[in-house]
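Asks: based on what follows, work out the 3D shape:
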Amino acid sequence: MASRLDGTIAGRGIAGLAAYNNRGDICTFLMRIQMSISLKTLTLVAMGMATVHASASELVFASWGGSYQDAQNTTAVRPFAAQSGAKVKLDTYNGGIAQIRSQVETNNVTWDVVDMQLADATRACDEGLLEKVGSIALPAGKNGATAKSDFLPGGVSDCMIGNVSWSTMITYNKNAFKSGEPTKIADFFDLKKFPGKRGLRKSPEGALEWALLADGVPAANVYKTLATPEGLQRAFKKLDTIKSSIVWWEAGAQPPQLLADGEVSMTSAYPNRILTAVMQDKKPFGFLWDGEVKNIEGYAIVKGSKNLKAAQDFIRFSTSTESLAKLSSATALGPMRQSSIPLVDPKMLPYLPTAPQNQKNAVDVNVAFWADHSDDLNQKFAVWLGQK
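Replies: Residues are numbered from 1 along each chain as shown. I've put the predicted structure just below:
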């Protein structure tokens, strides 16, 4: 997650954008800011009047560090502390559920709220490692919608309330296609019309979905098709058509560098990384949103939290319409509330994974599918990689 989210605009807002003409990671709007702060020791104490719960307890919030957590500090942690009077201590989380499992099983719970991917939160919830969040009275959307209807699909689950949606999409070097730029996911597989090497993350997730989309499978049927032997064979057969032209990448910083160095003409990438390259480094990169593969990030409470009420209050506060709009404006990650979108910095809107025009043919990652099939598909993908 850190590789996807780090490098975001980190809460500079419109003022920071003024320095640019324009999520190249938009996150750049706002200059890359890397605050030399020890997240493990920073304690934020409220400076204002307590209007929620003036508790002296210390809430521990664990997230991914870097400029993403800096943005969370600016848009949610500090305002919550100022309003509630609570002390909030920050820590870093590296993904997965091992750390959470260890805390719960040893009865040494040191975290209260954790920023997690939906897939990890679902697994942790199934293992009984997280508190249920159904009792949190989430505020209605500013558009009058109830909280339940205001959140995008997957935004409210048994043990997690979503905050942002991030995605993997296709980007390209405009200079490589001056006679016509790619407009659909099928173009990524068309080496004749759009020549050049292709960059892909070294993982079956994303690659298999795109292969089926490019082969004509509707987005709504991708996982149904991929769950069959015939569908999987179809996906690998489509990948075979570009296999010899693929440059594999693993870290989120690689795709913009591959494009800049001319090693590839098109690549999968995290859009906030590309936006940074466009806005800050003025790179001639284009965005192909057709077929973007979307994921969900959100807040969960560790089972046995010593500050359950404060944790619930923090989630309620930080997932409000306004809070999510501010976080998206600082990071170019999509807000999980529909009512937040009109409040996002207008310069950010074209680059949000959740912008209506960007998700017309999007694939929402099927958490249950990957939970059931990830081991098998990773093994089959490794075998395919080794084949000539």
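
Asks: could you pull out the helices in the stretch 151-300 of the chain for me?
Replies: 204-214, 222-226, 229-240, 254-260, 271-279 (DSSP state H, counting those that start in this stretch).

Asks: what of the stretch 1-150 of the chain?
Replies: Secondary structure of the stretch 1-150 of the chain (DSSP H, counting those that start in this stretch): helices at 2-5, 13-17, 66-72, 78-84, 98-105, 118-126, 147-150.

Asks: for residue 272, which of those helices is the nearest?
Replies: Ranking the helices of the stretch 1-150 of the chain by distance to residue 272, with C-beta to C-beta as the measure, places helix 2-5 first at 7.1 Å. Placement of C-beta: from N, CA and C, glycine included.

Asks: so which of the helices of the stretch 151-300 of the chain comes closest to residue 139?
Replies: Among the helices of the stretch 151-300 of the chain, the nearest to residue 139 by C-beta to C-beta is helix 271-279 (26.8 Å).

Asks: ok now do residue 119, which residues does it touch?
Replies: By C-beta atoms under 8 Å, 6 or more residues apart in numbering, the residues touching residue 119 are 295, 365, 367, 370, 371.

Asks: one more time with 6 Å
Replies: When the contact criterion is C-beta atoms under 6 Å, 6 or more residues apart in numbering, the partners of residue 119 are residue 367.

Asks: returning to what we had before: any idea which of the helices of the stretch 1-150 of the chain is most buried?
Replies: When you average the neighbours per residue for each of the helices of the stretch 1-150 of the chain (mean count of other C-beta atoms under 10 Å), helix 66-72 leads with a mean of 27.

Asks: any idea of the mean pLDDT for it?
Replies: Across helix 66-72, pLDDT averages out at 87.

Asks: and it, how far from the chain's centre?
Replies: In terms of C-alpha atoms, centre = their mean, to the nearest Å, the centre of helix 66-72 is set 13 Å apart from its chain centre.

Asks: got the CA coordinates for that helix in CSV?
Replies: Listed in CSV are the C-alpha atoms of helix 66-72, where the atom choice follows Å, rounded to 0.1, in the frame of the first residue of the first chain:
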residue,chain,number,x,y,z
GLY,A,66,4.6,8.6,4.1
SER,A,67,2.6,11.5,2.5
TYR,A,68,-0.6,9.4,2.6
GLN,A,69,-0.6,9.4,6.4
ASP,A,70,0.6,13.0,6.4
ALA,A,71,-2.6,13.8,4.5
GLN,A,72,-4.7,11.8,7.0
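
Asks: just the strands from the stretch 1-150 of the chain, written as ranges.
Replies: Taking DSSP state E, counting those that start in this stretch as the criterion, the stretch 1-150 of the chain carries its strands at 43-44, 58-63, 87-92, 113-117.

Asks: between the ones you listed, which one is closest to residue 171.
Replies: Go through the strands of the stretch 1-150 of the chain one by one with C-beta to C-beta and the one that ends up closest to residue 171 is strand 113-117, at 22.1 Å.

Asks: each with direction, which strands does the closest one pair with?
Replies: In the sheet, strand 113-117 lines up against strand 58-63 (parallel), strand 285-301 (antiparallel) (DSSP bridges).

Asks: make CSV from those strands and add distance to residue 275 and mean pLDDT to it.
Replies: Formatted as CSV, the entries for the strands paired with strand 113-117 read as follows, by distance: least, C-beta to C-beta, whole Å; pLDDT from 0 to 100:
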stretch, distance to residue 275, mean pLDDT
strand 58-63, 21, 96
strand 285-301, 8, 97
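
Asks: save those as CSV, and put in distance to residue 137 too.
Replies: Compiled in CSV, the strands paired with strand 113-117 are given as follows (distance: least, C-beta to C-beta, whole Å):
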stretch, distance to residue 137
strand 58-63, 18
strand 285-301, 15
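
Asks: can I see the domain layout of this protein?
Replies: Here the chain is described, according to automatic domain parsing, as comprising the domains 2-165+295-358, 168-293+364-386.

Asks: mind pulling up the pLDDT for residue 22?
Replies: Model confidence at residue 22, expressed as pLDDT, equals 38.
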